[in-house]
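Asker: I'd like to go over a predicted model; first the sequence, then the structure.
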Amino acid sequence: DTAVSQTPKYLVTQMGNDKSIKCEQNLGHDTMYWYKQDSKKFLKIMFSYNNKELIINETVPNRFSPKSPDKAHLNLHINSLELGDSAVYFCASSQRNTEAFFGQGTRLTVV
Amino acid sequence: GENVEQHPSTLSVQEGDSAVIKCTYSDSASNYFPWYKQELGKRPQLIIDIRSNVGEKKDQRIAVTLNKTAKHFSLHITETQPEDSAVYFCAANKNTGFQKLVFGTGTRLLVSP
């Protein structure tokens, strides 16, 4: 069974559209993350969600909104997509201060 | 907040040579330091980690060292093989307050046969 799964794997959409990426973990972890990996391979943390507390990285535009219906899910909704949003988005989960497990990534292409 | 710097950004070695990647962190409260390997088109995966109560940890050909005073930690790969070619990331986290695993900028390692 996949530990951290995110869908879709590929997403191609036009500028201005709204899209969502879903993430689910079956590891019972209490912390989930969203990371953005740009073309230079930098892994930038966008959000951290643990113990019902959402930590927002202040550099993330408010067009990005995470939604966590429960501890096993952390979805990412993006409004008014821009060309610069094109990247690979990784979901990850961990138990407090231990190894983080990553999903397979979602390659978002905005045209 | 935590800031993690990683050097070098690229590293080319011959098969059999050793490779060393270095990271520094800014938050003295950080106490967990994992290293991830990301192969092309794949997800990052943990290869080794170290906690602040340990100075060195080894697992076969890879080892990590930690200098808490200087806020440095390093990854050492010995007897490199072509399959070690990948992007390596260091990261730092702390066990207090909210969890925020912060990654370094990555090192692209190329091992030539």
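Answerer: Sure, I can see it. Remember, it's a predicted structure, so these values are computed and weren't measured experimentally. Residues are numbered from 1 along each chain as shown, chains lettered A, B, ... in the order given.
Asker: what's the burial count for the spatially closest residue to residue B:112 that is not a sequence neighbour?
Answerer: Residue nearest to residue B:112 in three dimensions, not counting chain neighbours: residue B:14, with 5.6 Å by CB to CB, 6 or more residues apart in numbering or on different chains. (Each C-beta comes from the backbone N, C-alpha and C, glycine too.) For residue B:14, the neighbour count with other CB atoms under 10 Å in any protein chain shown is 9.
Asker: pLDDT score assigned to the residue nearest to residue A:98 when sequence neighbours are not counted?
Answerer: With sequence-adjacent residues excluded and distances taken as CB to CB, 6+ apart, residue A:98 is closest to residue B:32, at 7.5 Å. As predicted, residue B:32 sits at a pLDDT of 93.
Asker: doesn't residue A:78 make contact with residue A:19?
Answerer: Yes: in this structure residue A:19 lies within contact range of residue A:78 using CB atoms under 8 Å: 5.5 Å.
Asker: neighbour count winner among the two?
Answerer: Taking other CB under 10 Å, residue A:19 and residue A:78 do not tie; residue A:78 has more neighbours (21 against 17).
Asker: what separation do you get for that one and residue A:33?
Answerer: 16 Å (CB to CB, to the nearest Å).
Asker: returning to that earlier point: against chain A, how distant is the residue nearest to residue B:112?
Answerer: As judged by CB to the nearest CB, to the nearest Å, residue B:14 and chain A stand 23 Å apart.
Asker: find the centremost residue of chain A, please.
Answerer: In chain A, the C-alpha nearest the mean C-alpha coordinate belongs to residue A:34, at 3.3 Å (CA atoms, centre = their mean).
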